[in-house]
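>>> quick one: sequence and predicted model below, then my questions.
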Amino acid sequence: MPDIPWSTPTPAAPGAEVHVMASRFETATLTGAVRFFLKSPGIIRQMRKAPGAHGVALRARVLRRTFLTLSAWEDRDALYRFARSEPHRSSARAAAAYMKESVLTEWTVPATELPLGWDEAERRLAEQQQADR
């Protein structure tokens, strides 16, 4: 499956610090992966319109049942407001029924480091997964 490449809904101010969130989701079944995948475009559209969103990308590996997200936000509050808003909130709750594993990590970077790359996100997710065990 093709990735949804990094897009910048609202550019961050050059001197700003931005809040970054990366996630890795693995579904228990291929059916769950298809469900997750079908919901993804709507959630990405929602993120692109969310106040305080400075960047978003998705890496979908449906046949491996694995999805990675990467996003940058004005601050942690902007991220959490998005997470609690619809349709993300309902989709996240529904996905819990077919999720095998989830890893989330957050950090801050200077806005000048945007757009973010997958290598850093995957490294941080692996570190977080080790810390969670």
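That came in fine, so what should we check first?
>>> the nearest residue to F67 once chain neighbours are set aside: helix or strand, and which one exactly?
Counting by Cβ to Cβ, 6 or more residues apart in numbering, F25 is the residue found nearest to F67 once chain neighbours are left out, at 4.7 Å. Where you see a C-beta, it was placed from the backbone N, CA and C, and this is true even at glycine. Under the criterion DSSP states H and E, the helix or strand holding F25 is strand 17-27.
>>> could I get the buried residue list for the following helix or strand past that strand?
Secondary structure here is assigned by DSSP H and E; on that basis, the next helix or strand after strand 17-27 toward the C-terminus is helix 30-49. Of the residues in helix 30-49, those scored as buried under the neighbour-count criterion (16 or more other Cβ atoms under 10 Å) are 32-33, 35-37, 39-40, 43-44, 46-47.
>>> for the residue sitting nearest the centre point of the chain, give me the pLDDT.
With distances taken as Cα atoms, centre = their mean, the residue of the chain nearest its centroid is T69 (2.9 Å). Predicted confidence (pLDDT) for T69: 96.
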